[in-house]
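[1] okay, sequence plus prediction incoming.
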Amino acid sequence: RRKTRGGAQVILSRSRAHLWKSPPAMLRVADAVMGVEMPRALVKEMQSWARRPLQAGEIGILKSNEGAWRHALKQGWEWTLVLEDDATAQLSGGIRQLLALLPAIVASATACDPQWHLLVLSPHGLEDFFAVCDPAHIPGV
């Protein structure tokens with residue numbers, strides 16, 4: 001049986017670094033892109049394909065996630081878990097338990113649909129996510 005390669009990443013903003021004082025070794029820490037610090041031309045380009053005007057923070061989140069996806073592709077990962085810096089896991093072992101369960105979660109998703117592309121672990125709906133941008137502009141992973 002082929003072993004699935006992947007990894008987990010947390011996008012960490014400077015203002016929330018205190019929430020991740022000692023991240024697990026298996027978790028890549030990526031600096032968050034701050035939308036207010038981005039070049040205006042890039043912000044304007046991103047606004048041109050959004051379905052609604054995006055706030056600076058939303059643009060930063062999109063660019064941060066794109067960076068995480070690009071890192072996963074560069075590493076040759078078949079999958080990646082991308083966490084925001086305010087992520088919590090409703091498990092007795094918290095984020096560490098979630099990371100330990102990742103191989104089983106990926107195997108379960110693959111058993112249900114071998115061609116899955118996005119698996120969202122959230123207690124909330126996705127309506128806002130899909131309203132932000134056209135999925136055609138999300139890089140394929």
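    Here it is on my side, so go on. Predicted, not measured: the structure shown is a model, and the values here were computed from it. Residues are numbered from 1 along each chain as shown.

[2] look up how far residue 46 lies from residue 55.
    Computed as CB to CB, to the nearest Å, the residue 55 to residue 46 distance reads 11 Å. C-beta coordinates here come from the backbone N, C-alpha and C atoms, glycine included.

[3] give me the more crowded residue out of those two.
    A direct count of neighbours by other CB atoms under 10 Å for residue 55 and residue 46 places residue 46 higher, at 19 against 11.

[4] and that one, what pLDDT?
    In this model, residue 46 is scored at 87, pLDDT.

[5] thought it was touching residue 62?
    Yes: using CB atoms under 8 Å, residue 46 is in contact with residue 62, at 6.8 Å.

[6] now the common contact residues for the two.
    residue 54 (CB atoms under 8 Å, 6 or more residues apart in numbering).

[7] where does this structure have low pLDDT?
    1-4, 123-141 (pLDDT under 70).

[8] now the helices for it?
    For the chain, the helices defined by DSSP state H cover 40-49, 56-75, 94-112, 127-132.

[9] single out the most deeply packed of those helices.
    helix 56-75 (a mean of 17; mean count of other CB atoms under 10 Å).

[10] tell me which other helices or strands that one touches.
    For helix 56-75, the packing partners by 3 or more CB pairs under 8 Å, 6 or more residues apart in numbering; DSSP states H and E come out as strand 6-12, strand 27-31, helix 40-49, strand 79-84.

[11] return the alpha-carbon coordinates of the third one using PDB.
    Included here for helix 40-49 are C-alpha records, laid out as PDB according to Å, rounded to 0.1, in the frame of the first residue of the first chain:
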ATOM      1  CA  ARG A  40      -1.400  48.300  -4.000                       C
ATOM      2  CA  ALA A  41      -1.100  46.800  -7.500                       C
ATOM      3  CA  LEU A  42      -1.400  43.300  -6.100                       C
ATOM      4  CA  VAL A  43      -4.400  44.300  -3.900                       C
ATOM      5  CA  LYS A  44      -6.000  45.800  -7.000                       C
ATOM      6  CA  GLU A  45      -5.400  42.700  -9.000                       C
ATOM      7  CA  MET A  46      -6.900  40.500  -6.400                       C
ATOM      8  CA  GLN A  47      -9.900  42.800  -6.100                       C
ATOM      9  CA  SER A  48     -10.500  42.500  -9.800                       C
ATOM     10  CA  TRP A  49     -11.500  38.800  -9.600                       C
END
